[in-house]
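Asks: From the sequence below, what's the structure:
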Amino acid sequence: MQSSPTNSFYEASQNRQLTHTADHGLHSISTNCPSAEGASSVAPIGPTEFRSHFVDSMEMGADVQTVAKYLDGHSEWFRRCAHPMVVESIGANSYAMTVGRFGAFGYDIEPRIGLDLLPHQEGVYRIETVPVPNYTEIGYEVDFRAAMELVDLGNDTSEWATTRIQWQLDLAVVIQFPKFIHALPETLIQRTGDRVLNQVVRQVSRRLTHKVQEDFHASHCLPLPKRVKKRR
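Replies: Numbering: from 1, shown residues only. Next up, the predicted model:
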């Protein structure tokens, strides 16, 4: 990744609507609206939803069992590979992560989300949103759902066993913008927000992917696959 994530970070139906439930990792939006008693006759402008779907893969120069054991030990590698994003443990398999500051039109947010790295089931690892203890999002909510699958490539391209991690991410962000943002055309807001979100997801994901690859091979004293070495 060339630019910082601060400048612009499975399986779910693209048509499902966000609902305010803990199971979906969604948390309350503070709109600062007046109570019904004495409220203005003009209805408040509702929040705006942005979505991103991203698919990628990375190759590890080891067998599936070795890669799975590494992924299971996420307490050893997740925080250092996520740097410079700030990560803290909030449970046995969950972390609170500050993605970085991003925005447009002079309005920025710095989302902090809880991620639960679920134990694998039949070779598939899932990551889902969970509430962050003692923390309330102000003006936004995030739904993060990722799935990673381990695929055994055998000794297809070299003398080393190779495992491919195929993964996909569905991310939805709902933002309650201040009134001055809504002075802009809604189509411009939606288009710009989708673009910024996709850029953040793409850049953060690629940086994290490369750092995980480097960390895995270094910790196992294995050479990086040639295709990985060229990837920057």
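Asks: from here on, contacts and neighbour counts on C-alpha atoms
Replies: OK.
Asks: Going by length in residues, pull out the top helix of the protein.
Replies: With secondary structure taken from DSSP state H, the chain has its longest helix at helix 186-219.
Asks: list the contacts for the closest residue in space to residue 160 that isn't next to it in sequence?
Replies: Nearest non-adjacent residue to residue 160, counting by Cα to Cα, 6 or more residues apart in numbering: residue 61, 6.0 Å away. By Cα atoms under 8 Å, 6 or more residues apart in numbering, the contact list for residue 61 reads 160, 161, 162, 163, 217, 222, 223, 224, 225.
Asks: Show me those that map onto strands.
Replies: Residues of those located in strands (DSSP state E): 162, 163.
Asks: Which of the contacts of residue 61 are buried? Put it as a PyMOL command.
Replies: Entered in PyMOL, the line below selects the buried ones among those, by 16 or more other Cα atoms under 10 Å:
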select buried, resi 160+161+162+163+217+223+224+225
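Asks: Of the contacts of residue 61, which one scores lowest on pLDDT?
Replies: Sorting the contacts of residue 61 by pLDDT puts residue 160 at the bottom of the list (72).
Asks: what ranges do the helices span in the protein?
Replies: 64-72, 74-82, 186-219, 226-229.
Asks: Let me see the mean pLDDT of the last one.
Replies: For helix 226-229, the per-residue pLDDT values average out at 55.
Asks: can I get the contacts of residue 61 in CSV with distance to residue 92?
Replies: Formatted as CSV, the contacts of residue 61 follow (distance: Cα to Cα, whole Å):
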residue, distance to residue 92
160, 33
161, 31
162, 29
163, 26
217, 25
222, 29
223, 31
224, 30
225, 32
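Asks: Name the nearest of the contacts of residue 61 relative to residue 57.
Replies: Nearest to residue 57 out of those is residue 163 (Cα to Cα; 10.4 Å).
Asks: From what I see, that closest one and residue 59 are in contact.
Replies: Yes: if you go by Cα atoms under 8 Å, residue 163 and residue 59 touch, sitting 5.7 Å apart.
Asks: Tell me, how many residues neighbour residue 191?
Replies: 11 (other Cα atoms under 10 Å).
Asks: hang on, I meant residue 51
Replies: 18.
Asks: which residues does it bridge with?
Replies: residue 172 (DSSP bridges).
Asks: Any regions of the protein where pLDDT drops low?
Replies: Applying pLDDT under 70 to the chain picks out residues 1-44, 103-104, 156-159, 226-232.
Asks: and if we set it to 50?
Replies: 1-42, 228-232 (pLDDT under 50).
Asks: returning to that earlier point: so how far is residue 142 from the residue nearest to residue 160?
Replies: 34 Å (Cα to Cα, to the nearest Å).
Asks: re the thing from before, between the helices of the chain, which gets nearest to residue 102?
Replies: Of the helices of the chain, the one closest to residue 102 (Cα to Cα) turns out to be helix 186-219, at 7.9 Å.
Asks: okay, the angle between that closest one and helix 64-72?
Replies: 120 degrees (axes from the mean of the first three to the mean of the last three Cα atoms, to 10 degrees).
Asks: thinking again about what came up before, distance to residue 49 added to the helices of the chain, as JSON lines?
Replies: Formatted as JSON lines, those follow (distance: least, Cα to Cα, whole Å):
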{"stretch": "helix 64-72", "distance to residue 49": "32"}
{"stretch": "helix 74-82", "distance to residue 49": "26"}
{"stretch": "helix 186-219", "distance to residue 49": "8"}
{"stretch": "helix 226-229", "distance to residue 49": "35"}
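Asks: what's the closest of the contacts of residue 61 to residue 108?
Replies: For the contacts of residue 61, the residue nearest residue 108 by Cα to Cα is residue 217; the value is 36.8 Å.
Asks: Contacts for stretch 151-167 next, please.
Replies: By Cα under 8 Å, 6+ apart, stretch 151-167 touches 10, 55-64, 67, 146-150.
Asks: Nice, that's everything, thank you.
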